[in-house]
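**Student:** Sequence plus predicted model, see below.
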Amino acid sequence: MIYEFVDERGVLVEVAMPSDDAPDIGAVIERDGRLLKRIASLPPKPTAIWKPYVSSRLPRNLEGVEKTKDGKAVVRTQAQERNLAARLGMERE
């Protein structure tokens, strides 16, 4: 497993070691002549699943919707997409 530590200067250091040998969070170890304090590892940030898009399927110049200069709808959120689909009576295939 890889565990995260911080040295005296606040630099993050990753150390690989068996889970049986891992010190408790807050414990200090010496590694390569440096004192390292174990910190809680944070999970990676989730990747963005949703990305705004310009719809080529929706009718142009829809009321109350942000549009491109060509009148195509700009869909910013999934909630907006669902509301537009419901408003226009659209269903997924």
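**Tutor:** It's in.

**Student:** which stretches of this protein have low pLDDT?
**Tutor:** Along the chain, the parts satisfying pLDDT under 70 run over 48, 93.

**Student:** for it, what spans make up the strands?
**Tutor:** 2-6, 12-16, 28-31, 34-38, 53-54, 74-75 (DSSP state E).

**Student:** What is the neighbour count of the nearest residue to residue 4 once chain neighbours are set aside?
**Tutor:** Leaving out its chain neighbours, the residue that sits closest to residue 4 by CB to CB, 6 or more residues apart in numbering is residue 41, at 4.7 Å. In short, each C-beta sits where N, CA and C put it, glycine included. Using other CB atoms under 10 Å, residue 41 has 13 other residues around it.

**Student:** isn't residue 41 right next to residue 1, touching?
**Tutor:** No. Contact criterion CB atoms under 8 Å: residue 41 and residue 1 do not qualify, at 9.3 Å.

**Student:** what's the spacing between the residue nearest the centre of the chain and residue 76?
**Tutor:** Nearest to the geometric centre of the chain sits residue 46, at 2.7 Å (CA atoms, centre = their mean). Residue 46 is 19 Å from residue 76, where distance means CB to CB, to the nearest Å.

**Student:** Also residue 4?
**Tutor:** 35 Å.

**Student:** if we can go back for a sec, any idea how far the residue nearest to residue 4 lies from residue 14?
**Tutor:** 9 Å.

**Student:** Need the residues touching each of the two.
**Tutor:** Between them, residue 41 and residue 14 share these contacting residues under CB atoms under 8 Å, 6 or more residues apart in numbering: 2, 3, 4.

**Student:** Is the first one in contact with residue 15, as I believe?
**Tutor:** Spelled out, it's residue 2. Yes. Residue 2 lies in contact with residue 15 (CB under 8 Å); the separation is 7.1 Å.

**Student:** which one of these two has more residues nearby?
**Tutor:** Higher neighbour count among residue 2 and residue 15: residue 15, with 17 against 9, using other CB under 10 Å.
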